[in-house]
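Trainee: What would the 3D arrangement of this be:
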Amino acid sequence: MKQWAWNVLVAIDQLGNALTGGDPDETISSRSAKQRASCRFCRFLCRLLDRVDPGHCDKSVESDEGENAVKPGR
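Mentor: As a prediction, this is how the structure comes out:
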């Protein structure tokens with residue numbers, strides 16, 4: 001049951017990322033870590049998540065994901 005709940009939470013996270021134009025196989029934390037330098041919301045989100053899990057965004061980076069994000073103008 002514990003693994004099932006974790007899998008569902010990750011799926012919801014990925015859905016949220018896809019709904020906002022991100023790669024459907026990447027989590028919001030991974031995307032935020034990658035865009036932190038240029039996105040105020042991403043910096044805020046990573047700081048918030050760091051309070052619960054120190055280094056959360058950095059640990060969540062999926063370097064092999066993100067290529068299927070919606071590109072501006074498409």
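
Trainee: Who are the contact partners of the residue nearest the centre of the chain?
Mentor: The chain has Ile28 as the residue nearest its centroid, 1.7 Å off, counting by Cα atoms, centre = their mean. By Cβ atoms under 8 Å, 6 or more residues apart in numbering, the contact list for Ile28 reads 13, 16-17, 20, 22, 45. Every C-beta, even on glycine, is put in place using the N, C-alpha and C of the backbone.

Trainee: For it, which non-adjacent residue is spatially closest?
Mentor: Asn17 (4.8 Å; Cβ to Cβ, 6 or more residues apart in numbering).

Trainee: Could you double-check that the one you found lies in contact with Lys34?
Mentor: No - taking contacts as Cβ atoms under 8 Å, Asn17 lies outside contact range of Lys34: 11.4 Å.

Trainee: any weak-confidence spans in this protein?
Mentor: 73-74 (pLDDT under 70).

Trainee: distance of Pro54 from Ser32?
Mentor: Using Cβ to Cβ, to the nearest Å, Pro54 is found at 15 Å from Ser32.
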